[in-house]
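> From the sequence below, what's the structure:
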Amino acid sequence: MCQARIPFCCGIVALALTAQGNATGAEEVSFELDVQPILAVRGCNQGACHGKARGQNGFQLSLLGFDSNFDFSSIAQQSRGRRVFPAAPAQSLLLRKATAQVPHGGGQRFAADSEEYQLLQRWIAQGAPRRISNESKLVRVELSPKSVYLQTDAKAQLAVKAFYSDGSTRDVTDCTQFQSNEDATVSVNANGIVKAGSLPGEATIMARYMNNIETSLVSIPLSGNVAAAEYEKLPRSNFIDELVWNKLQTLGITPAELCDDAKYLRRIHIDLIGRLPTPDEDRAFLASDAPDKRTRAVDTLLERPEYADHWASKWADLLRPNPYRVGIKAVINYDQTIRDAFRKNLPYDQFVRQLVTAQGSTWHDGATVLYRDRREPEEVTTLVSQLFLGIRLECAKCHHHPFEKWSQDDFYSFAAFFGRVGRVGGDLSPPISGEEEMIFVSPTGVVKHPLTEKAMQPRVLFGKMPAIPADADPREVLAKWMTSKQNPYFAKVLVNRVWADLMGRGIVEPVDDLRATNPPTNPELLDALATHFQKSDYDVKELLRTIVASEVYALGSLTNSRNQADRVNYSRHYRTRLRAEVLSDALSDITGRAESFPAMPNGSRANQIWTTRVDSVLLDTFGRQNENQDPPCERLVESTVTQALHLMNSPQLYSRLTHKSGRAAKMAASNLNADELTEEIYLLVYGRTPVEEERQLGRTLFDDGKKSRQQQVEDLLWALINTPEFAFKD
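Take a look at the predicted model:
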């Protein structure tokens with residue numbers, strides 16, 4: 001019988017081994033339970049060492065020890081078994097290299113008098129067995145505590161316990177690898193001791209023991225006390241407010257003041273339809289004293305045609321392939337399918353099901369272009385899992401995922417759902433792939449595991465695997481499982497993506513990387529939004545309506561003394577630069593001269609462009625994705641010097657602003673006085689009326705007789721365009 005394991009932690013506690021006799025008279029050492037944890041914690045199987053794709057200096061281990069059989073073969077059998085020498089264990093290359101008795105690129109990993117050395121030496125002396133008698137299996141690990149509150153510069157000890165199939169446990173803290181996702185906020189050392197930094201905030205500590213991963217949330221509340229009454233009196237419009245205020249209260253953070261009507265109107269116009277409000281829309285909204293005017297404004301915007309183009313263009317970023325790869329006609333067809341879904345407010349689950357199960361002609365059935373672009377099951381797997389589940393399986397294509405539970409078996413079993421996708425017709429022939437192609441379900445098709453060559457059967461990533469009827473399309477089963485309300489990932493990744501668009505930062509960042517080691521900043525909020533989305537039958541408009549109706553969405557961006565350091569808890573509005581297409585269309589509206597785009601009808605707006613191959617220096621400058629990127633593509637949102645220089649010096653923008661039939665010329669020819677002109681320009685560019693200081697500036701400008709009236713209007717327009725208040729959503 002196996003005895004209970006005593007704690008063993010690579011140098012802190014005593015060695016724990018199954019009590020079994022053997023030729024050496026010592027207790028048996030398990031390769032998987034005792035040897036591999038040492039290799040992992042000492043970094044031997046890391047990507048920078050022997051765990052990389054081709055190993056190091058002829059010696060390769062599986063990354064992070066995900067393949068025990070491979071590692072055993074590499075150590076005990078390859079190179080004629082010269083790495084271990086049971087007749088004289090101390091002469092084994094495995095030990096001599098690790099203790100730097102002979103040259104070793106990785107340097108000394110442990111000392112010759114360490115417990116790690118003694119354990120490895122004992123394993124070699126026992127004949128370096130692959131398995132021992134009555135060997136148990138590692139079932140799970142447990143990290144404690146799961147959450148920690150620390151004062152600045154304070155410390156705390158984390159502990160990791162392993163649970164085995166024979167019912168035994170072991171303290172494996174010192175054999176565990178720890179990592180903080182915010183080192184500047186909370187650091188952690190190799191022994192699991194976390195140390196708070198000097199500023200308030202939060203960090204997630206990852207603990208990995210033999211590909212079992214657990215996390216702990218460490219919070220550093222702001223010093224000083226805020227009375228509970230301060231949070232109780234905060235306004236609450238829906239469940240979002242309650243959950244955000246609760247989180248702020250635990251951290252001692254107080255939210256910013258609510259924004260005024262002008263900022264709210266500009267914000268919802270940019271977020272919902274991708275354009276600025278007109279001066280007339282501003283005046284009407286600001287003059288209204290109706291208590292529900294914000295709600296009515298949102299409802300009106302969601303029914304405007306610009307809504308579909310604005311939100312479809314975001315999804316086109318994530319799905320749209322290069323037309324020179326798959327064909328211009330196919331991409332136009334794909335683009336129109338996406339836009340049509342938003343015009344009809346197609347429920348999100350139906351939208352996804354339409355894409356995943358697509359069949360037909362790439363010239364007539366737009367969703368099929370997904371399979372014209374992603375031609376191998378492995379390619380479709382990475383796109384579908386990341387985009388619609390928020391699970392990045394790409395790493396598991398080659399090895400066990402380093403930060404998650406996903407294995408190669410998981411990857412290729414998921415890929416098997418797409419193994420029977422068939423194609424007939426014109427193949428790809430870049431740079432001109434103009435032919436039609438038919439996508440259909442083939443009666444045969446196999447996805448093989450790259451290491452074992454085993455034909456993989458379709459299997460979902462978690463939960464019970466649904467049965468696949470013999471004559472059914474496996475993708476139909478997959479789509480039903482993905483879009484089920486029992487699948488939490490499907491709703492969570494979409495609400496997180498929408499939240500990030502509206503709020504400036506996702507509850508999880510990156511927005512499509514939902515995993516235990518990348519937890520949400522407010523788990524309760526993410527769960528509540530996902531549940532709400534499911535209950536609305538995946539109605540995207542209803543999700544938008546709910547978020548923008550919250551008090552959290554309406555917060556101002558100015559900080560107070562207790563939220564200056566907050567970057568993730570939505571205690572204020574996080575300003576973001578206008579999306580390239582939104583900025584382009586805003587300039588068209590301000591100048592009164594639409595930008596002309598190649599391959600588009602006259603008067604087209606930037607949000608209606610069907611491909612990034614359409615030339616536009618402005619769009620490229622302000623972060624439009626590269627046409628050669630593989631979907632899904634995320635935009636770069638950083639501001640650059642080039643962007644500032646473009647707004648200041650663009651000849652094309654100058655010609656639109658000074659055009660004889662442009663807005664500046666028409667305003668100059670009007671009967672508006674200096675105050676009225678100034679107000680019109682501020683409403684046009686900023687969506688607000690000028691303050692008294694700005695009105696006085698306008699009077700000074702327009703009373704100056706050194707320039708023509710049109711030049712004066714142009715100067716003020718140009719000056720406002722070149723300010724952060726225009727280029728950023730506040």
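
> how close does residue 684 get to residue 414?
Between residue 684 and residue 414 the computed distance is 51 Å (CB to CB, to the nearest Å). All C-beta atoms are positioned from the backbone trio N, CA, C, and that covers glycine.

> Those two - which one has more neighbours?
Higher neighbour count among residue 684 and residue 414: residue 414, with 28 against 21, using other CB atoms under 10 Å.

> A strand includes that one, no?
No: looking at residue 414 with DSSP: H, G, I helix; E, B strand; the rest coil, it is helix, so not inside a strand.

> Can you name the helix or strand that the closest residue to it other than its chain neighbours falls in?
With sequence-adjacent residues excluded and distances taken as CB to CB, 6 or more residues apart in numbering, residue 414 is closest to residue 381, at 5.4 Å. Assigned by DSSP states H and E, residue 381 belongs to helix 377-389.

> For the most centrally placed residue in the chain, which three-state class applies?
Closest to where the C-alpha atoms of the chain average out (CA atoms, centre = their mean) is residue 510, at 2.1 Å. Residue 510 falls in the coil class when you classify it by three-state DSSP.

> swap in residue 646?
Quick answer, by three-state DSSP: residue 646 is helix.

> surely it meets residue 617?
Yes: counting by CB atoms under 8 Å, residue 646 does reach residue 617; the two are 7.4 Å apart.

> out of those two, which sits in the more crowded spot?
Between residue 646 and residue 617, residue 646 has the larger neighbour count (other CB under 10 Å), namely 17 against 11.

> so who does that one touch?
617, 618, 621, 622, 653 (CB atoms under 8 Å, 6 or more residues apart in numbering).

> Among those, name the ones in strands.
Among the contacts of residue 646, none falls in strands (DSSP state E).

> And the furthest pair within these?
Greatest spacing in the contacts of residue 646, by CB to CB: 622 and 653 (12.1 Å).

> Comparing the two, which residue is more hemmed in?
Remark: of residue 622 and residue 653, residue 622 carries more neighbours, 27 against 21, as counted by other CB under 10 Å.

> Look at the more buried one and report its pLDDT.
pLDDT recorded at residue 622 is 95.

> Could you list which residues are in contact with the residue lying closest to it once chain neighbours are set aside?
Nearest non-adjacent residue to residue 622, counting by CB to CB, 6+ apart: residue 580, 3.8 Å away. By CB under 8 Å, 6+ apart, the contact list for residue 580 reads 606, 618, 619, 620, 621, 622, 623, 624, 635.

> Could you do residue 184 as well?
Here residue 184 is in contact with 197, 199 (CB under 8 Å, 6+ apart).

> tell me the phi and psi of residue 125?
In terms of degrees, to the nearest 10, the main-chain angles of residue 125 are phi -60, psi -30.

> so the nearest residue to residue 274 once chain neighbours are set aside is in which element?
Spatial nearest neighbour of residue 274, chain neighbours left out: residue 310 (3.3 Å); criterion: CB to CB, 6+ apart. Residue 310 is part of helix 305-319, with elements assigned from DSSP H and E.
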